[in-house]
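Engineer: Need coordinates for the below:
(4 chains)
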Number of protein chains: 2
Amino acid sequence: MTTPRQNQLLALLLKRGQTQVQDIAQELGASLATVRRDLTDLEAQGRVERLHGAAQIASAAREEVAFAARESVNARAKRTIAATAFGAVKPGATVFLDASTTVLQLVRHIIAMDQPIKVFTNSLRVAQELALVSHVDLSLIGGRVREENLSMVGPLACAALNNLWIDQLFLGATAIDNEGTLSSVDADEAAVNATMMARAAETFILADSSKFEKRATHAVTTLREGHRLITDLPPPPAFAAHAKRADISLTIANSADT
Amino acid sequence: MTTPRQNQLLALLLKRGQTQVQDIAQELGASLATVRRDLTDLEAQGRVERLHGAAQIASAAREEVAFAARESVNARAKRTIAATAFGAVKPGATVFLDASTTVLQLVRHIIAMDQPIKVFTNSLRVAQELALVSHVDLSLIGGRVREENLSMVGPLACAALNNLWIDQLFLGATAIDNEGTLSSVDADEAAVNATMMARAAETFILADSSKFEKRATHAVTTLREGHRLITDLPPPPAFAAHAKRADISLTIANSADT
DNA sequence: CTTAAACGATCAAAATTTTGATTGAATAAG
DNA sequence: CTTATTCAATCAAAATTTTGATCGTTTAAG
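Structural biologist: Reported below is the predicted structural model:
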């Protein structure tokens, strides 16, 4: 996918920020033509942005890592958060699980529970885990399958959601800024997430502390009264203050109760 | 991941079953050394099994969830039927694959082809197989997941279908009576199948010969002009006569042309 | 509007990968 | 145990990809 030199190039951009094409060529010991070709490749992959005479890491790519790699990042925090979220699941409720790695941790608890439950999801991964669990009544929304994280997105997904009413939505966050705005690296994914929230009576946002003070390209929505955020460490003061004003419930998951 | 020649090789093994390395080399117009290298690659990917002097598609690739038993019934006939059906797939078409075991055989051919294709399905099994295949643009319709065969059914599934237009539908049959009526054991499955047929320009019914002169509880629809039936042995005369009158195309798949 | 720099396209040279023949070792059949 | 194949390793030739220089064109700053 990426050559060693392209990785060097990405590392350089991460270190230096916006960098002149000339400087990149000198630093890598390659010709301008080669650097330009690499930039064209990386641009096609959505990993860098080009300006006239310079380049920088694509804003979208700062968070977009392969799903498998992401799964292990902050795994402990995610498990803790998932355990706390599971405590909020109401018996007999219809829940929706999104396609995030944090929510995937929640699936383990659902498999182990002894009450029947209705689960909707847009995640093929979640579907694989729950398909044959007898106390789970599983439904998928449809949609185009994103290879990135095996989620279903697009118009088909949104249309299906608009015919549903969900009791409890569990949503993993990619980025949360201090004004409480959620954002995502993929436009389709963002649109689907926004639709989910519009159709849910209760929304739980699961986000480990690394997600704060971040923004991705595509805004999902801004947290409002009644939304509940579950995280693993106290958030930045600026966000905490905003949450208090806006009446957003804030839960710090404690690893003791896992 | 796989070169065009490796795809050819997989397609060849699907058609012929176990094949001599010598024959593969001759068929592909490559040297023995090259074929062996390809086999080593494909073996490392778990896609083929090697014997001394020969190779075949890995049996692990046929591993099953709930309906393992059914898949092996009449497996040879199903493979033959699937190979013939694959010959009918038009380049660039949008195809729909249902959740039957016969159609699942067709998936192997789609994985091995080297043209891009758009696939819709209501089968979680098909989705698992195709999710990460790069030349396949995969979409699922939604719906409640049936544990029996991991298909998606119900109102959500039908609603999604009603927003689609499908070029080529490949549908496995449970039972076909002599009047050309298809029937199914599950009411939801029958309803979804009927909806699929209403949305498809071309419908191919894949049914091995054991499905004739059978009825199940829930009627799907009655075959009409233009519908195409692919089977492995000549059907009962009563059905054949009806098919001729009703202008239903009838293809007997021949294992020789696979 | 002018101009200097950056850009994409093209092409030959260089580097890399793929291929097929040959070898001795391993394997299964008799 | 013997023997005829098949197998993996090696190496040079062939094919493919990558690279850097040079063009005319496009872009943005003055």
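Engineer: quick one, phi/psi of the closest residue to residue A:151 other than its chain neighbours?
Structural biologist: Ranked by Cβ to Cβ, 6 or more residues apart in numbering or on different chains and with sequence neighbours excluded, the top spatial neighbour of residue A:151 is residue A:99, at 3.4 Å. Every C-beta, even on glycine, is put in place using the N, C-alpha and C of the backbone. Here the main-chain torsion angles of residue A:99 (degrees, to the nearest 10) amount to phi -100, psi 30.
Engineer: Now do the same contact list for residue A:99.
Structural biologist: A:121, A:122, A:123, A:124, A:125, A:126, A:149, A:150, A:151, A:152, A:172, A:189 (Cβ atoms under 8 Å, 6 or more residues apart in numbering or on different chains).
Engineer: wait, the fourth one sits on residue B:127?
Structural biologist: Yes - taking Cβ atoms under 8 Å as the definition, residue A:124 is a contact partner of residue B:127 at 6.1 Å.
Engineer: Now do the shared contacts for the two.
Structural biologist: Counting by Cβ under 8 Å, 6+ apart, the shared contacts of residue A:124 and residue B:127 are A:145, B:140.
Engineer: Which of these two has more residues huddled nearby?
Structural biologist: For the pair residue A:124 and residue B:127, the greater number of neighbours falls to residue B:127 (26 against 22), based on other Cβ atoms under 10 Å in any protein chain shown.
Engineer: I figured that one hits residue B:140, correct?
Structural biologist: Yes - contact criterion Cβ under 8 Å: residue B:127 and residue B:140 qualify, at 5.7 Å.
Engineer: which residues are in contact with both of the two?
Structural biologist: Applying Cβ under 8 Å, 6+ apart, one finds that residue B:127 and residue B:140 are jointly contacted by A:124, A:145, B:121.
Engineer: hmm, back to that, so which of the contacts of residue A:99 comes closest to residue A:6?
Structural biologist: The closest of those to residue A:6 turns out to be residue A:149 (Cβ to Cβ; 22.8 Å).
Engineer: hmm, the host helix or strand of residue A:8 touching DNA strand D?
Structural biologist: Element membership for residue A:8 (DSSP states H and E) is helix A:4-16. Yes - residues of helix A:4-16 are located near DNA strand D by Cβ under 7 Å from any atom of the strand, namely residue A:5.
Engineer: Summarise which helices and strands the following helix or strand past that helix is packed against.
Structural biologist: As assigned by DSSP H and E, the chain's next helix or strand after helix A:4-16 is strand A:19-20. The contact analysis (3 or more Cβ pairs under 8 Å, 6 or more residues apart in numbering or on different chains; DSSP states H and E) places strand A:19-20 against strand A:54-57.
Engineer: Does anything pack onto the strand it packs on? Which helices or strands?
Structural biologist: Identification of packing neighbours for strand A:54-57 by 3+ Cβ pairs under 8 Å, 6+ apart yields helix A:4-16, strand A:19-20, helix A:21-28, strand A:48-51.
Engineer: What residues sit buried inside it?
Structural biologist: A:54, A:55, A:57 (16 or more other Cβ atoms under 10 Å in any protein chain shown).
Engineer: Same check on stretch A:122-130?
Structural biologist: Of all the residues in stretch A:122-130, those buried under the rule 16+ other Cβ under 10 Å are A:122, A:123, A:124, A:125, A:126, A:127, A:128, A:129, A:130.
Engineer: Check stretch A:87-106 too.
Structural biologist: Quick answer for stretch A:87-106 (16+ other Cβ under 10 Å): A:89, A:93-106.
Engineer: Now do that stretch, average pLDDT.
Structural biologist: Across stretch A:87-106, pLDDT averages out at 91.
Engineer: before we move on, what about stretch A:36-56?
Structural biologist: For stretch A:36-56, mean pLDDT is 86.
Engineer: what does stretch A:143-157 give?
Structural biologist: For stretch A:143-157, the mean pLDDT works out to 93.
Engineer: now swap in stretch A:12-24 and tell me
Structural biologist: For stretch A:12-24, the per-residue pLDDT averages 87.
Engineer: Ok, stretch A:124-137 next?
Structural biologist: 89.
Engineer: low pLDDT regions in the stretch 151-258 of chain A?
Structural biologist: A:255-258 (pLDDT under 70).
Engineer: So which residues of it form strands?
Structural biologist: Taking DSSP state E, counting those that start in this stretch as the test, the strands found in the stretch 151-258 of chain A are A:151-153, A:166-172, A:175-176, A:181-184, A:200-206, A:218-222, A:228-231, A:249-252.
Engineer: The ones you listed: which one's closest to DNA strand C?
Structural biologist: strand A:218-222 (24.7 Å; Cβ to the nearest atom of the strand).
Engineer: So what are the sheet partners of the closest one and their directions?
Structural biologist: strand A:181-184 (antiparallel) (DSSP bridges).
Engineer: buried sites along the partner strand?
Structural biologist: For strand A:181-184, burial by neighbour count (16+ other Cβ under 10 Å) applies to A:182, A:183, A:184.
Engineer: quick check, nearest of those to residue A:234?
Structural biologist: residue A:182 (18.9 Å).
Engineer: So what pairs up with that closest one in the strands?
Structural biologist: Beta-bridge partners of residue A:182, as defined by DSSP bridges: residue A:176, residue A:221.
Engineer: quick one: contacts for the residue nearest to the spatial centre of chain A?
Structural biologist: In chain A, the residue lying closest to the centroid (Cα atoms, centre = their mean) is residue A:174, at 3.5 Å. Listed by Cβ under 8 Å, 6+ apart, the contact partners of residue A:174 are A:63, A:100, A:182, A:183, A:184, A:185, A:211, A:214, A:216.
Engineer: Kindly report the same for residue A:10.
Structural biologist: Residue A:10 neighbours (Cβ under 8 Å, 6+ apart): A:2, A:42, A:47, A:48, A:57.
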